[in-house]
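Engineer: sequence plus predicted model, see below.
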Amino acid sequence: MAIIFYSERQIALIREASRIVAEAREIVREMAKPGTTTREMDQAVAKHLKKRGGESPFLHYRLPGKEPFPATVCASVNDVVVHGTPDDVPLKEGDLVAIDIGVRKNGYIGDSAWTYPIGKVDEKAQALLKAGEESLYAGINAMKPRGKLVECSRAIQELVEGRGFSVVRDYVGHGVGQSLHEEPQVYNYVQLGQNLPFWRTILKPGMVLAVEPMVNEGTAKVISDDGKWPVRTADGGRSVHFEHTIAILEDRVEILTTLGE
């Protein structure tokens, strides 16, 4: 599958969808308190998307070998890495909850995930959250128009592993725009000895990418049941997930999933 290059008009439409994502993310941030359920978060996001004329590209989405995803958002708590399904279990003090939100509007998609502490969390959780968020921005800051995509991967891995945590290898970032998952894949690590076309990918104007490090407290290995959601850490350690949709422009890299001015 070839990389899709988007026009200024198309990027403006992706930017519009991405702003709705950012609005929904703020709704979730306000709800991220002890006693709230992830189903309540899911319902609040669904209501906002409908109000803004968008829809969730996650609802009924199929990954190869998986059953259709049953919700508007992915809600991943503690040892759940990605693709957690919202439920009625109240969040409790000390939990970490990652909410992944996608919006499709006018045929174009924005995608972002953020991990929130519930109440007061321990020092290790604070350090994990900080490493996850800062690795996202380290990766984005390493991206330059006509630079190498692998520099993003290297920056993420070096920050995460330098803090004593691990980067998930089974799931990666991706192109996004007309479809939820497009080329190229955006790795969060550099594997020496691998001869993949990815390492030669140049960031060219018109590319739109979802950069999304998934950072684990312990092992990078993950597990999931055949055909089922979600994905969990293999050792039961906690995981965090941070994601922005970005566009490569002629003179800069723009984060689209923000509230902007």
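Structural biologist: Everything's here; your move.
Engineer: all contacts plus neighbour counts: C-alpha atoms, from now on.
Structural biologist: OK.
Engineer: walking through this protein, point out its helices one by one.
Structural biologist: Counting by DSSP state H, the chain has these helices, from start to end: 8-31, 38-51, 123-141, 150-162.
Engineer: quick one: closest of the ones you listed to residue 91.
Structural biologist: Taking Cα to Cα, helix 38-51 is the member of those nearest to residue 91, at 7.6 Å.
Engineer: neighbours around residue 200, how many?
Structural biologist: Using other Cα atoms under 10 Å, residue 200 is surrounded by 11 other residues.
Engineer: isn't it right up against residue 148?
Structural biologist: Yes. When contacts are counted by Cα atoms under 8 Å, residue 200 is listed as touching residue 148 (6.9 Å).
Engineer: about what we covered before: need the helices of the chain in CSV with mean pLDDT, mean neighbour count and distance to residue 224, can you?
Structural biologist: Formatted as CSV, those follow (pLDDT from 0 to 100; neighbours: other Cα atoms under 10 Å; distance: least, Cα to Cα, whole Å):
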stretch, mean pLDDT, mean neighbour count, distance to residue 224
helix 8-31, 98, 20, 26
helix 38-51, 98, 19, 20
helix 123-141, 98, 20, 22
helix 150-162, 97, 22, 23
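Engineer: tabulate these (TSV), appending distance to residue 60.
Structural biologist: Formatted as TSV, these follow (distance: least, Cα to Cα, whole Å):
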stretch	distance to residue 60
helix 8-31	18
helix 38-51	14
helix 123-141	28
helix 150-162	30
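Engineer: for the stretch 51-200 of the chain, what spans make up the strands?
Structural biologist: Counting by DSSP state E, counting those that start in this stretch, one finds strands in the stretch 51-200 of the chain at the ranges 74-77, 80-82, 96-105, 108-117, 166-167, 173-175, 182-186.
Engineer: which one of those strands lies nearest to residue 244?
Structural biologist: Closest among these, using Cα to Cα: strand 108-117, at 4.8 Å.
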